[in-house]
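Asker: Here is a sequence together with a model predicted from it:
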Amino acid sequence: MLLLRELIIKMLSAGNDIVDLSLIDINKTRDFRFYSKILCHSEQDLYITLDKKINFEQYVWLLWSIKESVYKYFKRFSPSLIFSPTKININQIDFPSSLTLNEIFYDEEGKSFKDKNSIKCQVKFENLIFYSISIINNSIITTFVNTDQFFENTLWGIKRIDQINPDFQSYAVREFVLKRIKQIFPSDNYLIKKHSNGYPYLLKNDVEVNLPMSFSHHGNYISYAFEML
Amino acid sequence: MTRQEILSELKRVVAPYTANKDLLESINDNTDLIKDLKINSANLVDIIIDAEARYDIEIDYDSADKMINVGTCIDVIAERINNKNA
């Protein structure tokens, strides 16, 4: 375990997630049988201290997206890892001074999250501390995680798409990230493949590029993150 | 309940959440819920909750995280049903 811990701190990975809020079932989310499979007891208590800055169903899906992102980040180093939401624990949550949920969604790309109106959390999993940044409005919740709390090397993008079938979602997110990568490193010879352990990786002229990336799609929204030194 | 009976009920539980409805009829123990049935991970908790209601069982956290493919889902559900009837 110590070796794995060292590996995760030193090596780059990427983890992100996006939730299309139009697809969530509010009544189901508020059902104890549902949310208790996602939130541990301390996280259920944590909500009470938040003074209803967000609705409970938004809170449940915010934490879901954080946990899913941490799982993706970690799984690159630990292929046999199984997603178990209650074992990934959010122990600190910081809201921006003004959180505007009514902002209209628009496609957006960036590097790091300076000046971004976002929710920042500290997450504990397997004795490691992760940091998360989540962007939330009435359409989506999207999260990015890292072991670097400043996300200096994280490039990210979120976008609305018209079709919701999984093949198109998968195609659209790959096109979206490739367009960004080509802007930074112009070349036509990129290809994204899926590793047998589930994560995507980039090839240039058939050689793997050290640019850890993570994709997410849900409903009408897609999101990517990749790490660049 | 036999494994076959659980399987046929399980098809009904996962049906609302799969985008790959053609594959649903031919699923077997090795069918992966996410990779093969294209179920979004955000729906996995829905499936666990719906399975609990359909079989009148409770699936705890440790069991829930084993439900990766159809075979492990049936294992967990069969175990819970047996425990209930014990």
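Answerer: Thanks, I have the structure now.

Asker: Report how many residues lie close to the residue of chain A at minimum distance from chain B.
Answerer: In chain A, the residue that lies nearest chain B is residue A:84 (3.8 Å; CB to the nearest CB). (Each C-beta comes from the backbone N, C-alpha and C, glycine too.) Counted with other CB atoms under 10 Å in any protein chain shown, the burial measure for residue A:84 works out to 16 neighbours.

Asker: hang on, isn't it packed against residue B:63?
Answerer: No. Taking CB atoms under 8 Å as the contact criterion, residue A:84 and residue B:63 are not neighbours in contact, 10.5 Å apart.

Asker: what residues does the lengthiest helix in chain B touch?
Answerer: Across chain B, the longest stretch assigned as helix under DSSP state H is helix B:70-85. Among residues not part of helix B:70-85, those counted as contacts by CB atoms under 8 Å, 6 or more residues apart in numbering or on different chains are B:1, B:3, B:6-7, B:10, B:27-31, B:33, B:51, B:55-59, B:63-64, B:66-67.

Asker: Could you find the closest non-adjacent residue to the closest residue to chain A within chain B?
Answerer: At 3.8 Å from chain A, residue B:65 is the closest residue in chain B, using CB to the nearest CB. Of all residues not flanking residue B:65 in the chain, residue A:84 sits nearest, at 3.8 Å (CB to CB, 6 or more residues apart in numbering or on different chains).

Asker: What about the contacts of helix B:70-85, which are in helices?
Answerer: Judged by DSSP H, the contacts of helix B:70-85 include B:3, B:6-7, B:10, B:51, B:55, B:63-64 as members of helices.

Asker: Residue A:112: which of the residues you listed is nearest?
Answerer: Residue A:112 lies nearest to residue B:64 out of those, by CB to CB, at 35.4 Å.

Asker: Grab the nearest non-local neighbour of that closest one.
Answerer: Computed as CB to CB, 6+ apart, the closest residue to residue B:64 that is not its neighbour in sequence is residue B:48, at 5.1 Å.

Asker: how many neighbours does that neighbour have?
Answerer: Other residues lying near residue B:48 total 21 when counted by other CB under 10 Å.

Asker: likewise residue A:219?
Answerer: Using other CB under 10 Å as the criterion, the residues surrounding residue A:219 number 20.

Asker: And for the one 3 residues further on?
Answerer: Neighbouring residues of residue A:222 were enumerated by other CB under 10 Å; the total is 28.

Asker: how about the nearest residue to it, chain neighbours excluded?
Answerer: Using CB to CB, 6+ apart and skipping residues adjacent in sequence, the residue nearest residue A:222 is residue A:173, 4.1 Å away.

Asker: check contacts around that neighbour.
Answerer: With CB under 8 Å, 6+ apart as the criterion, the residues that contact residue A:173 are A:215-217, A:222-224.

Asker: Which of the helices or strands spans it?
Answerer: helix A:166-184 (DSSP states H and E).

Asker: Downstream of that helix, the next helix or strand is which one?
Answerer: Moving toward the C-terminus from helix A:166-184, the next helix or strand (DSSP H and E) is strand A:190-194.

Asker: Adjacent strands (with direction) for that following strand?
Answerer: Using DSSP bridges, the neighbouring strands of strand A:190-194 in the sheet come out as strand A:200-204 (antiparallel).

Asker: Based on its surroundings, how many neighbours for residue A:217?
Answerer: Burial measure for residue A:217: 24 neighbouring residues, criterion other CB under 10 Å.

Asker: Hmm, it is touching residue A:170, no?
Answerer: Yes. Taking CB under 8 Å as the contact criterion, residue A:217 and residue A:170 are neighbours in contact, 6.9 Å apart.

Asker: Could you check the pLDDT of the residue nearest to residue A:229 when sequence neighbours are not counted?
Answerer: Once its chain neighbours are removed from consideration, residue A:229 has its nearest residue in residue A:153; the separation is 5.9 Å (CB to CB, 6+ apart). According to the prediction, residue A:153 has pLDDT 93.

Asker: With that, I have no additional questions.
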